[in-house]
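Student: Fold the following, please.
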Amino acid sequence: MAKRIGSAPTLVYPESDGEPMAETPKHQQVMIDCMDVLRNHFRGFSDVYIAGNMFLYYEEGNPRKSVSPDVFMVRGVSKQELRTYKTWEQQPFLDFVLEVASPSTYTKDFNEKMEIYAKILRVKDYCIYDPYHETEPYFVGFRLVGEAYEEIPFVNDRLSFEALGLELGEHEEVLRLYDPVKSVWLLTSQERVAQESIARQEAESRAQHAEAELEKLRAALQRLEATE
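Tutor: Okay, here's the model as predicted:
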């Protein structure tokens, strides 16, 4: 019996536009580090989904109605492999979005995307950050109140995002996430590995030093016993 060949779907929701992930390596690193830190921070939550640079479709049947947040977080969605995000299949409203801006994207981030995030995706917290400080303001945060955004004031040079329970600020000239409960800057995976390696080396060094001191005491005791 001949195998039936299914027809191709007539409606396609593209997964990529063929463009690079970010304008510069610095922009890319901000996105990667933010997603990495957030995923680690929320690793104990099974229903917190974090992604970025992914096509997000917000109108079923219309592939042109899409946006691609640089970084976003949404509660109520299990950790899973998604190739695109469709609001009619997943949680329709987002909790947090970060756009890593540049002079070429700044106007869109402040107008077209902000309108979509506020009125369609109902994003609770929205942050725009330019790592090169080429735009003004280069770092700004908004909180959704009704159907419009209100700017979040800086406190201790950081912006507090209630949806995350965390703060964003520049630390050592890099955008970082800060945990106000623990009063610490959150580390990336690479930094955690390096820190753990240093801690192991220091522990081994302390153990070796303690063993050497113990050997000295044993030798001294042996000498003392030999003179008796």
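Student: quick one: residue 70 and residue 99 touch, right?
Tutor: Yes - with contacts counted by Cβ atoms under 8 Å, residue 70 reaches residue 99, the gap being 5.2 Å. (Each C-beta comes from the backbone N, C-alpha and C, glycine too.)
Student: Contacts only, for the nearest residue to residue 123 once chain neighbours are set aside.
Tutor: Spatial nearest neighbour of residue 123, chain neighbours left out: residue 117 (4.0 Å); criterion: Cβ to Cβ, 6 or more residues apart in numbering. For residue 117, the contacting residues are 67, 94, 97, 123, 126, by Cβ atoms under 8 Å, 6 or more residues apart in numbering.
Student: Got the domain ranges for the chain?
Tutor: Domain segmentation of the chain under automatic domain parsing yields 25-186, 189-228.
Student: how about those in CSV, adding mean pLDDT?
Tutor: Formatted as CSV, the domains of the chain follow (pLDDT from 0 to 100):
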stretch, mean pLDDT
domain 25-186, 96
domain 189-228, 68
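Student: out of these, deepest packed?
Tutor: domain 25-186 (a mean of 17; mean count of other Cβ atoms under 10 Å).
Student: Pull up the distance across it, start to finish.
Tutor: Domain 25-186 has an end-to-end distance of 21 Å (criterion: Cα to Cα, to the nearest Å).
Student: Repeat that for stretch 65-81.
Tutor: Note: stretch 65-81 ends 22 Å apart using Cα to Cα.
Student: Check stretch 156-172 too.
Tutor: 15 Å.
Student: same check, this time on stretch 81-88
Tutor: Span of stretch 81-88 from end to end, Cα to Cα: 17 Å.
Student: Could you list the residues in contact with it?
Tutor: 13-15, 49, 51, 54-58, 60, 90, 93, 121.
Student: go on, stretch 138-147?
Tutor: 101, 114, 118-119, 122-130, 132, 149-152, 159, 161-162, 168, 170, 175.
Student: how about a cut-off of 7 Å?
Tutor: 118-119, 122-130, 149-152, 159, 161-162, 168 (Cβ atoms under 7 Å, 6 or more residues apart in numbering).
Student: Now residue 12: closest residue in space, sequence neighbours ignored.
Tutor: residue 63 (6.5 Å).
Student: give me phi/psi at that neighbour?
Tutor: phi -60, psi -20 (degrees, to the nearest 10).
Student: my read: it touches residue 13, true?
Tutor: Yes - in this structure residue 63 lies within contact range of residue 13 using Cβ atoms under 7 Å: 5.0 Å.
Student: List the residues that contact residue 151.
Tutor: 140, 142.
Student: That one bridge partners, please.
Tutor: residue 142 (DSSP bridges).
Student: cool, and residue 51?
Tutor: Applying DSSP bridges, one finds that residue 51 bridges with residue 72.
Student: before we move on, the earlier item: would you quantify the distance from the residue nearest to residue 12 to residue 86?
Tutor: Using Cβ to Cβ, to the nearest Å, we find residue 63 at a distance of 10 Å from residue 86.
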